[in-house]
Structures are given as C-alpha cells and as structure tokens.
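K.L.:
build me a model:
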Amino acid sequence: MTKHLLFAAAIVLLSVAFFSNTVFATTEKGDTLVIHQTDQNTLAWNEIVAADTNADGSRKHLVYELDPDGWYPLTTTLAAATYDLTVIGGKRTAGQARPCILAGDPFGGWYMLSSGKNVTFKGLHIMQVANTLGGAIGSWARSGLEVQGENCKVVFHDCIWDHTTGFSANMTKTGINLKVTNCLFRFSKPLDNSVWAGQGLDISGNGIQIDTIIIQNCTWYGGGPFMLKTWGASEKYFKMDHVTIVDFVQWPIHGVHWVNARFTNNVFYNAYTMGEDSLQVKGQDPELLPFGVINVDTVYVDSLGTVDFTKEATRVLVVHNNNNFVSQKIKDYWAIASADPATYHEFRATDPADNDGFINSRTKAMFAADATWPNFDLANTTSLDPQFQNYFDYADTLVNYSKKYYDYAWPGAQATMFMMDPDGEPYDPTDPMVYNLKVNNATLRAASTTGGPVGDLTWDLTNGYNSTQDELAAVVTTGVEEINVLPRKFALEQNYPNPFNPSTTINFSLAKTANVHLTVYNLLGQKVATLINNQRMEAGPQSFHFDASKLTSGVYFYKLVAGDFVSSKKMLLLK
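P.N.:
Residues are numbered from 1 along each chain as shown. Sure, this is the predicted structure:
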C-alpha cells in the first residue's frame, strides 16, 4: 500500500513539474535569454527581466527572445533605464503567431515598456488590452513604449501593435534615430470618442532635433490621431516610403517643420476624415487653415516673425507618387457640415477637389514657389480607390465617430466602437487577420517611383502580415526591390542640395557594418572638417547633415572611407 501511494505521489509530482515547464521555462543562448511561456496568467514578464541580473547588478543577458504563440503579461511598466532593451520573437513556422506582450489586469503604470537607452523590437505582438480574451478595453488604457534617453536608436521590425490607446511609442527626445519596417499598427481608438486618444509615434517638441526617421512598408489601420507626430521638431533625414494609412480620424502626419524629408509611394485611404470646427482647428495649422495629409510651413523665423529665406532655400521636401483617397460618405459629411458654418461651428476640411484634400492652400503655394523653396517637389499625386483585396468598410463608423464628437450639431449620434470585426462582434486581436490591404487597382499597381505598386508591400506577400520571418526574408532577397531597404553595395551619393548655403545632406549606403570616416577637403587637399570619425555604423542607408556656415564659398570635396571602400565627390558652397 505504501509503495502504491509513493508511486502515485511521484506521478503527481512529475505531472506538476511537466506542466510547470510547459507554462514557463528559460533557455540560455550566449547573451540571449529565451523565455518560454504559454499562459497569459503565469509569471509577469517584467519580473523575469528585472531579476535577470548578476551579483554586481549588471545584466546577465543582453537579448530576450520570446516564443511564437507565447504570452508575456506585464503587471507594471517594464523599465530598462540603464541598458539597451532588445526583444525578439523566435522563429515562426506557418500558422504560428508572434509572441504577445500584453498589459495584465490590474496594471500599474501608464507605459507598458520604458527605456533610457536603445530599443530593438522584432517579431512581436504588443497589446494593451487587459487579459486580452474577455478583458476590458478601457479609455486611454495603456501606452506602448516610452523612450526617455537622448540620442537613442530605436528599431521596430515585423511587429504588430494593438489597441495602444495612449501612444504606440513616445520618443520626444533629441537625437532619436528611428527605423520602422514591416509593422502593423491597428485599432488604437478607445470607446469614449476622445479625439486625442490612439496616438501613434510621437517625436514632437519645440526645438527637438531628430536624427533620422525611416518608416517603410508599414500599415496604420483604424484609429488616430497622429500616426506620426513631429510638431515643433526638425530632422536631419526623414523618409516615409510604401506606407498605408487607412481609416484615421484626424491629423495622420502632424508636422509642418520638414527640413530634409521624403514622402514616397504611400497610400492614404480615409486618412483624415473628421475635419475641424472652430475649437479643433486651434493649435493645429499655424494659420488656422484646414489640415491636410501632408502639411508644411516656414521653419527659419526669428522672434520678430522675420523669415530667413536663405536658410529656407536649403530645405528639402520631396512628395512623390502618393495616393490619397476619401470615400464618398466622408465627402458627403464634409459637404453638409461645411455648408452651415453657424450650426457646425465653422467646420472646415481641405478641398476635396484637390486630390481629396491631400494638402491645404499654404502647402500648395509653397510647393509652387520654386524660387523660394527650390528643393520642394510635389509630383504624381493621385486619388484613386486602391481596391483593397479584402477590406471591411469603416466609412460609417468614421462618420458616426465625427458626429458624436461634434454632438452639438448631431444630437442623435451614438458612441462608436472601432474594434469590431466584419460580423459586428468585438474584434479579438489574437484571431488570424481576416482582411488584406493589398492594392489591386491596376493603375496603382504600377504607380510607384520604380514602376511597381504603391502602399505597404508586406500585403503583397502570400500571407500578408501572417507571414513568417522566412517568408519576409525571401521576398526581400528575391526581387521585390522596394521592400529591400538594405543596399547590395557601398555607395556615396551626390550631396543635396548642390550648390548649397550653408547646409547640405550627404547620403551614402553601406553593404555591411563598417567603421566609417567622412571628411571634407578644400581644393588644396587640406582637411577642413571631419564629419564622421571612425564610427561603427550598421549596413543600410545612412545620412549626414553638413553645416558649412564656418567655411567660405568655394569648391570642396567630401570623402567616404568604409572598410575597403573609398569614394569622394565634389560640392559647391555659395554664400
């Protein structure tokens, strides 16, 4: 009898050990800690990371890898103030989901994740919904990431962000270097019709100097305002290419102070639908004009309001091959509200006759003033229905959302829920994606700057955002040129603008990580400036903003040395 009881007890203990290991376990791979966790109600991920230290307080591991189909709840903000936060999803096979980082219930803190150093997120699903399955989606419930340090590098790749009804990421610090590729941000609106909730990437603030922003092959679906907010900040280099923005309430790109920016091959679909009344317009456009999708204003203005047109002439803003489409239901709502200023409190929206309100009148005039802004270039804007492959029409939701916010003029409007699936049921973000935003309009399939389709090319993959890392990589390496953001060779480009006064941008590409030197010489071969001094730089497109205000007019040469690669080009400074 005793033997039988001992045997039974051993079986129970083995069973407990087995199931405990399937719920939570860790594996070490060099400087990487792999966390295996399959239950959203088990150990808090922030506690696991906080405990991952040596006796002297240093970090045991530099990288955290999370399993596909895994659940990683947070009970409070995961704070990484003094170390780089690198989190990657493990390799997925067909049908597997990205590991899910989610806010638990209860949750202590405003941000889910906070970092004072560099941040890398790859192959993750970040979600603020409390307990996800059956949990509450509150108003202003959570924000995703906070970056507190200056001069930080932030990389998001192959990630899905769900229901971050505060901010997806707040990075309002000088020197931010941000790269976002193949990411999907969706359904960021809460239930209380707050126009300010559901903000995306915030890098705004008066006087903030952004280093670099590259956003390529990404989608924002359902939410707003502010897919991107750079108000008051200026950038050394900005690129937004092959991005799809669908069903946004207001101000999808909230910035006017572009210094060196390019918007190319993007698709905007009902991207700015709410319009503005006399209260909402305040604090948005500097001249209280209706806000377009792309907006620009003067930057170099002194305290007396005097514009320095010499500096203004050095700015670069390229807006090429973008498609902006607004559905007829939205236009009808605009027409009703615009026709009765007294009832609708001086409602305004950009002119739908001008590419469905793509730009406002000041922005249009600045693009036309070639003598004042010679490097502003607007070309090939269309306003065609992209004919998405499988799309649930949210036009009625967007109109009702707007009416509820302006309920002084629409007293019968009801609160709107964005997070509904095509059957009218609350959307479960763990479900496979039932929509596909691949562009099928024949004209737009050949409308990009390289003759291919516009919009987020991730949707051109067979499985779209349900693709594995291997499927993404296969497309990158087998000929979809526009998805491949990494160059195949080293290259030094001609500076732009050229001639210049007093600043210009030097772009170059690295085929692989290398130590980089970038120097400037005069006609006598004397070194006059060291721009980059033996800096370790990653493969990919790079950019340097050169201020030559201390040099005299004349011909100069700039030389790039990256490993064994050496190249130089001539530039002309005219003061």
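
K.L.:
quick one: A395 from F156, how far?
P.N.:
Using CB to CB, to the nearest Å, one obtains 29 Å as the distance from A395 to F156. (Glycine included, C-beta is placed from N, CA and C.)

K.L.:
which one of these two has more residues nearby?
P.N.:
F156 (26 against 17; other CB atoms under 10 Å).

K.L.:
the strand or helix carrying D396: which residues count as buried?
P.N.:
In this assignment (DSSP states H and E), D396 forms part of helix 395-405. Buried residues in helix 395-405, defined by neighbour count with 16 or more other CB atoms under 10 Å: A395, T397, L398, V399, N400, Y401, S402, K403, K404, Y405.

K.L.:
return the closest of those residues with respect to Y556.
P.N.:
The closest of these to Y556 turns out to be L398 (CB to CB; 52.2 Å).

K.L.:
how near is K173 to E28?
P.N.:
According to CB to CB, K173 and E28 sit 33 Å apart.

K.L.:
who's in contact with N534?
P.N.:
Shown in contact with N534 (CB atoms under 8 Å, 6 or more residues apart in numbering): N515, V516, H517.

K.L.:
closest one of these to A271?
P.N.:
Using CB to CB, those come closest to A271 at V516, 37.4 Å.

K.L.:
relative to D211, how far out is the closest one?
P.N.:
As judged by CB to CB, V516 and D211 stand 15 Å apart.

K.L.:
ok, A80 next?
P.N.:
For A80, the distance to D211 - CB to CB - is 20 Å.

K.L.:
so those two - more neighbours on which side?
P.N.:
Using other CB under 10 Å, the more surrounded residue of A80 and D211 is A80, with 22 against 17.

K.L.:
quick check: closest non-adjacent residue to the more buried one.
P.N.:
Take A80 and drop its neighbours on the chain: the residue closest to it by CB to CB, 6 or more residues apart in numbering is S115, 4.6 Å away.

K.L.:
before we move on, what about N390?
P.N.:
In space, and not counting its chain neighbours, N390 is closest to N436: 4.2 Å by CB to CB, 6+ apart.

K.L.:
mind listing what's buried in stretch 230-245?
P.N.:
Burial within stretch 230-245, assessed by neighbour count using 16+ other CB under 10 Å, is assigned to 230-231, 233-245.

K.L.:
actually stretch 82-101, sorry about that
P.N.:
Across stretch 82-101, burial judged by 16+ other CB under 10 Å covers 84-90, 92, 96-101.

K.L.:
between those residues, which is closest to K559?
P.N.:
D84 (31.7 Å).

K.L.:
now the element after the worst-scoring helix or strand of the chain on mean pLDDT, going C-ward?
P.N.:
Using mean pLDDT, DSSP states H and E, helix 2-23 stands out as the lowest-scoring helix or strand of the chain, at a mean of 36. Moving toward the C-terminus from helix 2-23, the next helix or strand (DSSP H and E) is strand 24-29.

K.L.:
wait, what's in contact with A80?
P.N.:
Shown in contact with A80 (CB under 8 Å, 6+ apart): V49, L113, S114, S115, G116, K117.

K.L.:
mark which of those are part of strands, please.
P.N.:
Cross-referencing these against strands under DSSP state E gives L113, S114, S115.

K.L.:
take these and, keeping just the buried ones, write it as a PyMOL select command.
P.N.:
Burial among the ones in strands among the contacts of A80 is assessed by 16+ other CB under 10 Å; the matching PyMOL selection reads:
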select buried, resi 113+114+115
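
K.L.:
go through the ones in strands among the contacts of A80 and say which is closest to D456.
P.N.:
Distance to D456, by CB to CB, is smallest for L113 among the ones in strands among the contacts of A80, at 24.3 Å.

K.L.:
ok, that closest one touching L85?
P.N.:
Yes. Contact criterion CB atoms under 8 Å: L113 and L85 qualify, at 7.0 Å.

K.L.:
what do those two both touch?
P.N.:
L78.

K.L.:
tell me the buried residues in stretch 31-44?
P.N.:
Neighbour-count burial for stretch 31-44 flags L33, V34, I35, H36, Q37, Q40, L43, A44 (criterion: 16+ other CB under 10 Å).

K.L.:
ok, the fourth one - contacts?
P.N.:
In this case it means H36. If you count contacts by CB under 8 Å, 6+ apart, H36 has them with F24, A25, T26, T27, D67, G70.

K.L.:
can you rerun that using 6 Å?
P.N.:
Listed by CB atoms under 6 Å, 6 or more residues apart in numbering, the contact set of H36 reads A25, D67.

K.L.:
and what of the last one?
P.N.:
Contact criterion CB under 6 Å, 6+ apart gives P73, T75 as the residues in contact with A44.

K.L.:
and L457, how many neighbours does it have?
P.N.:
By other CB under 10 Å, the residues close to L457 number 25.

K.L.:
which parts of the protein belong to which domain?
P.N.:
What automatic domain parsing lists as the domains of the chain is 25-170, 184-455, 491-573.

K.L.:
low-confidence ranges, the stretch 351-500 of the chain, go.
P.N.:
Along the stretch 351-500 of the chain, the parts satisfying pLDDT under 70 run over 417-433, 474-488.

K.L.:
please enumerate the strands of it.
P.N.:
Secondary structure of the stretch 351-500 of the chain by DSSP state E, counting those that start in this stretch: the strands cover 376-379, 388-390, 436-439, 491-492.

K.L.:
can you add distance to N54 and mean neighbour count and give the ones you listed back as JSON lines?
P.N.:
As requested, the strands of the stretch 351-500 of the chain are arranged in JSON lines below (distance: least, CB to CB, whole Å; neighbours: other CB atoms under 10 Å):
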{"stretch": "strand 376-379", "distance to N54": "54", "mean neighbour count": "17"}
{"stretch": "strand 388-390", "distance to N54": "50", "mean neighbour count": "16"}
{"stretch": "strand 436-439", "distance to N54": "46", "mean neighbour count": "22"}
{"stretch": "strand 491-492", "distance to N54": "43", "mean neighbour count": "18"}
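
K.L.:
quick check: which of those is nearest to P225?
P.N.:
Of the strands of the stretch 351-500 of the chain, nearest to P225 by CB to CB is strand 436-439, at 20.1 Å.

K.L.:
using CSV, write out every CA atom in the closest one.
P.N.:
Extracted C-alpha coordinates of strand 436-439, given in CSV (Å, rounded to 0.1, in the frame of the first residue of the first chain):
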residue,chain,number,x,y,z
ASN,A,436,-5.9,42.1,-46.7
LEU,A,437,-4.9,45.7,-47.7
LYS,A,438,-3.1,44.7,-50.8
VAL,A,439,-3.6,47.3,-53.5
